[in-house]
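Undergrad: Build me a structure from this.
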Amino acid sequence: MPEFLCRPVLVQIEASMRIPFFLPLAALAGTLLTSLTPLTPQARAAQFGQAEVDQSKFVLAASPIGNGSRHQLLIIEQVKSTRPCWVEEAGTPTRINPLLLTFDFSGICDRKIDSNGYSLRIAGVDLGLNYRLSIVRRNGQMVLVGQAFRSGPELVIATANGESAGFTKLELQPGWRLGRRTFDGKALGHIYLVTDQIPPGMALQGAQTSPSAAVVPPANVTTPVKPAPAPASLQQPVPPRPLPSASQAPAPTLRPLTPPRLTPLRPLRPLTPTQP
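TA: Residues are numbered from 1 along each chain as shown. Below is the predicted model of the structure:
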């Protein structure tokens, strides 16, 4: 069959053997959904560890919001001794002057201002999804408490020994300390408020870990089967044959034209008049 007739047939065969684009996407979506299967609290808790820190290099402060009627937790860390990151001012309660806000503290100081930087850890279990840390005012005191999202006892973690509209130092209650999150033995930036004692009324069997825990896919995830490749003869288009160049093309042979043979016409006979 001529080459120009074979090409449309090959194109049709190749098109029929192509896999629809949505099939690989469907397989990928199924794999992702399977890999995001929720882990048990015990499995999640095993993802992170805890390391002890030098408590003297940290300070807990109630940071004012707006006009100072409300506060949130601020943790400042002295990473290097190049410059002081804060200064304590005598008084009741103790005021904090956050010096790190007056210079570029990169590599010298570190600060944690929300739940992305700190969370609770009780008896080796992360409670970042179960408890939020809030500063409330009670009986003339600024108190750092852990409040359960659903059910659980309220935890008193630190107090300021008074009220203030500015930056105020918080003192940890007995049995509480700071720790650092680790993963595979490597220290991370996340800070824990730690206690080794389980508070009364708390059941850790249903506790969840921090949302930043690594998701480990189950071992039974199957890899989608890849379709067999098409034969090489169908995958590779047939290359066109090159046309011969003018130097390679044979010269045409010219034949002299033979004139046609003409047959002379016979002379016409004169008409003979008919007799009446």
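
Undergrad: what residues are up against residue 89?
TA: 95, 96, 97 (Cβ atoms under 8 Å, 6 or more residues apart in numbering). C-beta: built from backbone N, CA, C; applies to glycine.

Undergrad: change it to 10 Å
TA: Contacts for residue 89 were tallied using Cβ atoms under 10 Å, 6 or more residues apart in numbering; they are 95, 96, 97, 166, 167, 169.

Undergrad: Please tell me I have it right and the third one contacts residue 86.
TA: It stands for residue 97. Yes: using Cβ atoms under 10 Å, residue 97 is in contact with residue 86, at 6.2 Å.

Undergrad: what is in contact with those two at once?
TA: Joint contacts of residue 97 and residue 86 (Cβ under 10 Å, 6+ apart) are 61, 167.

Undergrad: quick one, which of those two is more surrounded?
TA: Using other Cβ atoms under 10 Å as the criterion, residue 97 and residue 86 rank with residue 86 on top: 20 against 15.

Undergrad: The more buried one contacts residue 94, doesn't it?
TA: No: Residue 86 is beyond contact range of residue 94, at 11.0 Å (criterion: Cβ under 10 Å).

Undergrad: anything in contact with each of those two?
TA: With Cβ under 10 Å, 6+ apart, residue 86 and residue 94 have common neighbours 59, 61, 167, 169.

Undergrad: Any chance of those in a markdown table with neighbour count and distance to residue 160 as columns?
TA: Putting those into a markdown table (neighbours: other Cβ atoms under 10 Å; distance: Cβ to Cβ, whole Å) gives the following:
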| residue | neighbour count | distance to residue 160 |
| --- | --- | --- |
| 59 | 21 | 12 |
| 61 | 26 | 9 |
| 167 | 22 | 10 |
| 169 | 21 | 7 |
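
Undergrad: Which ones among these lie within helices?
TA: Secondary structure defined by DSSP state H assigns none of the shared contacts of residue 86 and residue 94 to helices.

Undergrad: Most widely separated two among those?
TA: 59 and 167 (9.8 Å; Cβ to Cβ).

Undergrad: what sits in contact with each of these two?
TA: 74, 76, 86, 94, 96, 98.

Undergrad: on that earlier part again, for the contacts of residue 89, which one is nearest residue 148?
TA: Nearest member of the contacts of residue 89 to residue 148, counting by Cβ to Cβ, is residue 169, at 26.0 Å.

Undergrad: for the nearest residue to that closest one once chain neighbours are set aside, phi and psi?
TA: Leaving out its chain neighbours, the residue that sits closest to residue 169 by Cβ to Cβ, 6 or more residues apart in numbering is residue 94, at 4.0 Å. The phi/psi pair for residue 94 (degrees, to the nearest 10) reads phi -80, psi 130.
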